[in-house]
Structure formats: structure tokens, C-alpha cells
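This is a predicted model, with the sequence first.
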Amino acid sequence: SKKYRTFTLNPLPATEETIETIKKNVAEIRKYIQVPLLLENVAYYARAEHAEMDDATFFKRVTEESDCGILLDVANLFGNARNIGLNPKDFIDKLPKERIIQVHLAGGRIYNNLLFDTHDHPVWKETWDLLEYVIKNSDLKAVTIERDDRYENLEEIMNEVSRARKMLGWRII
């Protein structure tokens, strides 16, 4: 019988034990996938308990010690900033810039005073501002706009794609 692992987008406790577990999981994955791996920061709505370090230090150590690149989800950073008070620019500043390979952008919606990462609304202004900050402070290779629903306004979506391309200095085809 094969072993299957499940992955969730819940905050992990920022502990030494969690870092060791992630390193082991990445090593196991690398037995089957021989391509560079990127790890993504997740959106969450409450802090994980029993943290031994701040979120940025934890994510930095995880990526360095597992030798993975970073898929920096700036929409998640903005959501975490709004929901739990994380400082997104401080978070970005603590990361190893050479490991930031890709950025995710998305829009969300507010419900019960929390910003949910729903991928069904336009990208928030604050998220665009964070993309600009990442571009200025890293050698970013790619941007993905995540949109999982509400495709009715295709012009709005294409304008977001054009804006991201312009920010990166890419020619619009």
C-alpha cells in the first residue's frame, strides 16, 4: 500500500520540530521529483500556537535548510497583514532575495472583518504595492495572477495581466 500525504493551508507552528519535518518531507519528495522546488507562504486567519520564532524567520529557515526556492504569495502576505498584523515588508526584507523566484497575486473578499484568499476578485491595491516592492528588492522571474472564479469581466482580468507585465518590464504581446 502506498503512503499518501495530505497538505493543508493552515499555519504551521514556527518551531524547530516543524522545520525538521519539512526538511524530511522535501527530501522525500526529491526522491520522485528531480526539479527545483518552490515553497509558498500561506494565508491564514489566526496565528499558530507555540511559535518559537516569527513567521519570516521560520519561512526563511525552511527555504534555506530544505534548499528550496520561494514562491512568494504577496496576496497572502497582505491578507496576513490585515488579519493578524504581520508587517509584509519586514517579512519580505528577512527573506533570502536570491530564493524569491515567483510571486502570486490574487484578490479576495472580506467576511466578518477577515480578508479571505478567495481568488475571485480583482487584486487589491496593497497587493500591487507589495509586488512593486518585491520587484525592487529581488530578481523575480515570474508572476502568476490567481483567479479561480468570477471570470465575467475578462477585460478586468486582462488589465491585471497587462499591469503585471508592465511592472516586470515585459513586452505585452
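Here it is on my side, so go on.

What part of this structure, helix or strand, is modelled with the least confidence?
strand 114-116 (a mean of 77; mean pLDDT, DSSP states H and E).

Tell me the buried residues in it?
115-116 (16 or more other CB atoms under 10 Å). Quick note: C-beta positions are derived from backbone N, CA and C, even for glycine.

In its sheet, which strands sit next to that strand, and in what direction?
The sheet places strand 114-116 alongside strand 109-111 (antiparallel), with pairing taken from DSSP bridges.

Give me the residue at the spatial middle of this protein.
With distances taken as CA atoms, centre = their mean, residue 73 lies nearest the centre of the chain, 2.3 Å away.

Verify the stated contact: that residue with residue 42.
Yes: Residue 73 is within contact range of residue 42, at 7.5 Å (criterion: CB atoms under 8 Å).

follow-up on the earlier one: contacts made by the least confident helix or strand of the chain with the rest, please.
Here strand 114-116 makes contact (CB atoms under 8 Å, 6 or more residues apart in numbering) with 43, 45, 78-79, 82-83, 108-110.

Filter those residues down to the buried ones, ChimeraX style.
Under the burial definition 16+ other CB under 10 Å, those of these that qualify are selected in ChimeraX by:
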select :43,78,79,82,83,108
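
now the strands for the chain?
Along the chain, counting by DSSP state E, strands occupy 38-40, 69-73, 100-106, 109-111, 114-116, 142-146.

Show me the shaky parts of this protein.
1-9, 148, 151, 170-173 (pLDDT under 70).

mind listing the helices for the chain?
16-30, 55-65, 74-84, 88-94, 125-136, 154-168 (DSSP state H).

Which of those helices sits closest to residue 117?
helix 74-84 (5.5 Å; CB to CB).
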